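Undergrad: Give me a model of this one.
(chains A and B)
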Amino acid sequence: MKRPRGTRDFLPGEMRKRRWAESVLRDTAERWGYGEVATPTFEEEELFVRRSGEAIVEELYSFEDKGGRRLALRPEFTAPVMRLFSQEMSRSAKPVKIYYFGNAFRYERPQSGRYREFWQFGTEIIGADTPEAAAESVALASTLVRKVGVEDAVLRVGHVGILRGMVSALGLSPGEEREVFRAVDKGDLETMERLCGGTDAGDVLVGLVGRDKMSMEDWRDIGGGLLDEKTVSYFSYLEDVLSLLPALGVRSWKLDPGIARGLDYYTGVVFEIDAPRLGAEKQVCGGGEYELGSLFGTSQVRGVGFALGFDRLLLASAVPEGVVQHGILDVFIAYIGEKGRLAAFEMATTLRENGYRVDIDLLGRNISKALKYASSRGARYVAILGEREVERGVATLRDMQSGEQREISLSSDELKNVLDMPR
RNA sequence: GCCGGGGUGGUGUAGCCUGGUAGCAUCAGGGACUGUGGAUCCCUUAGCCCGAGCUCAAACCUCGGCCCCGGCCCCA
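TA: Here you go, the predicted model:
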C-alpha cells in the first residue's frame, strides 16, 4: 500500500513546525481583525468551472456521488469563500474580513514545492474598494510571510488596470491581447517583442516589463503618455496604496508592471511574494483587488485578498530553533517493582493534572534502558521510583542535561511546582 | 502531457558498467550490567519498486509500468 502520488505523510517533528507556522498565521490574522471561516472540502464542480473556465476540469479531482451529482475537491479557496460570502454573509456589516486555512487538491505533475494535496492560508476583505483596504491586504501578506521566518521574501506590487490600459493601447485583436498578457505575466520578453515590438506602445511595454528597478515616476513617465485618462488615474491610486505601506510595517517592495495574475476578475492593485531560494516554484503568495459579483449574481462586490502557499512557506522558512528543539516531554517516569509501578502511575497522573507533559515506561524496562529511551525522547527530567524511594514517599529526579539528581516528595501538593519549569 | 536523474533492510549507502553467496553504517528490540542514559561487545528482526523478456543463472542486461527528485507546460 503506497501513498497516492503527490501526497505526503507528516511525522511529529514536521507537524510541530507546521502547527507552529499555522498558529503564527492564525494569531496574526486575528490580531488584524479577521475572523476564521471554513468551507466544505468538496463543492459542486460547477463552482470551480464558473470561476476558472472549462480548462480547469483537467486539474480537478472530480467525481460523481451516489446521487449523480458532479462534485470536485476544492482546488483553491477563493470560489468557495465567495460562495460562502454571497450565501451567508452578504448582509453583514462591511467590510467583511475573513481568513481560512485548509487543504486543497489539484491533479498536476508533482515537483518541488508542488503537491497534489497542499495547504493554503488566505484572507479576504469583502465590500471595500479603497486604497486603505488594498494597503492592508498587501501589508498583512507581507507581514505573515516574514513572521513565519521567510527572510529573503520579495514583495512585488503592480496594477492590472494600468497593464490592461497599456495592452489595449497596442490596438491588437482580443486573441493577441491574451497572448500578450500571458507573455507579460511570465516575463517572456522574446514573445512580447515578437507580438508587439516595433510600435511605440509595444516598445514601451517591453521596456517596462524588462526593467529590474523602477520608481513610480519612471513608470508614469515611460508608460503614462500613451494611456487614456481613466488608466492614468490608476497611477495615483497605486501611489496612494504604496504610501500607506510603511505605516503598516512594510519595509520594502518592488514595483512590477508585469503582474497579470491570469484571472479576469482582478481589477486593480495586484501583488505577489516570492521566496527566491525555492527555485521554479518560488511564489509563496498571490493576491489583489477583484470584482466578482457577476459570478454569483450578487450586485457588484469588490474586495481584496490573497492566498499563501503554506507548504512553500515552510520550505522557505527558517523555523526558530526553539520550535523544533522544545522537547515534547517534561518528565519521563521509570520504576522498579510492583510498588514502584503503582506509585509511578500515580505520579504521572498528578503531574499531568498539573499541566506537565509526562510519559511513563510502558515496556517494563530496567532503569538503564529506560534512561536511554528517555534521553532519545528528549525528556528534561527522569523520575525514578523504586522500593527505596516508595518506602520514604519520594522519587529520585534526574536532570537529563546536567546529570544532577535530587529527591522530591510524592505528595501532590509538592509535585505541583517542584519541577520549577514553565508549563 | 514533455525532458533529464534516480528507486537495494526503518534510515543512509556499497554492489550494477564487466549477470553467479546482497556488504557496511545507523536506528530499533534483546542480552552482557542483579537500580542510573548517549560508550563497548554479542545476538535478533529486516532489503534489491512492480511486471514481462533474454539467460543454466538477473539487484545487475532489455522493454513496459509505478513512484521519487530537478526542470518544462500549466498554475484557478
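Undergrad: can you list contacts of stretch A:85-98?
TA: Stretch A:85-98 is contacted from outside by A:32-37, A:81, A:123-128, A:133, A:296-298, A:301, A:303, using C-beta atoms under 8 Å, 6 or more residues apart in numbering. Quick note: C-beta positions are derived from backbone N, CA and C, even for glycine.
Undergrad: pLDDT weak spots in chain A?
TA: Low-confidence segments of chain A (pLDDT under 70): A:263, A:293-299, A:324-327, A:418, A:420-423.
Undergrad: how far away is residue A:180 from RNA strand B?
TA: Taking C-beta to the nearest atom of the strand, to the nearest Å as the measure, residue A:180 falls 13 Å from RNA strand B.
Undergrad: Touching, that residue and residue A:195? I think so.
TA: Yes - between residue A:180 and residue A:195 there is a contact at 5.4 Å, judged by C-beta atoms under 8 Å.
Undergrad: Common neighbours of these two, please.
TA: residue A:172.
Undergrad: of those two, who's got more company?
TA: Applying other C-beta atoms under 10 Å to residue A:180 and residue A:195 shows that residue A:180 carries more neighbours, namely 23 against 20.
Undergrad: burial measure for the residue nearest to residue A:409 when sequence neighbours are not counted, as a count.
TA: With sequence-adjacent residues excluded and distances taken as C-beta to C-beta, 6 or more residues apart in numbering, residue A:409 is closest to residue A:394, at 5.8 Å. The burial count assigned to residue A:394 is 19, neighbours taken as other C-beta under 10 Å.
Undergrad: cool, and the one 5 residues further on?
TA: For residue A:399, the neighbour count with other C-beta under 10 Å is 12.
Undergrad: Bridged to it, which residues?
TA: In this entry, residue A:399 is beta-bridged to residue A:381, by DSSP bridges.
Undergrad: quick one: which helix or strand includes the residue of chain A most remote from its centre?
TA: Within chain A, residue A:391 marks the point farthest from the mean C-alpha position, 54.8 Å out by C-alpha atoms, centre = their mean. Under the criterion of DSSP states H and E, residue A:391 resides in helix A:387-392.
Undergrad: Can you name every helix or strand that that helix contacts?
TA: If contacts are counted by 3 or more C-beta pairs under 8 Å, 6 or more residues apart in numbering; DSSP states H and E, helix A:387-392 sits against helix A:337-353.
Undergrad: So what does residue A:155 have for phi and psi?
TA: phi -90, psi 130 (degrees, to the nearest 10).
Undergrad: ok now do it, which residues does it touch?
TA: Counted by C-beta under 8 Å, 6+ apart, residue A:155 has contacts A:138, A:141, A:142, A:250, A:252, A:253, A:254, A:271, A:272, A:273.
Undergrad: Try it again at 7 Å.
TA: Contacts here follow C-beta atoms under 7 Å, 6 or more residues apart in numbering; on that basis residue A:155 touches A:142, A:253, A:254, A:271, A:273.
Undergrad: For those residues, which two are the farthest from each other?
TA: Within these, two members stand farthest from each other by C-beta to C-beta: A:142 and A:254, at 11.9 Å.
Undergrad: if you count what's nearby, which of those two comes out ahead?
TA: residue A:142 (24 against 13).
Undergrad: Might one say that that one is in contact with residue A:249?
TA: No - counting by C-beta atoms under 7 Å, residue A:142 stays clear of residue A:249, with 8.0 Å between them.
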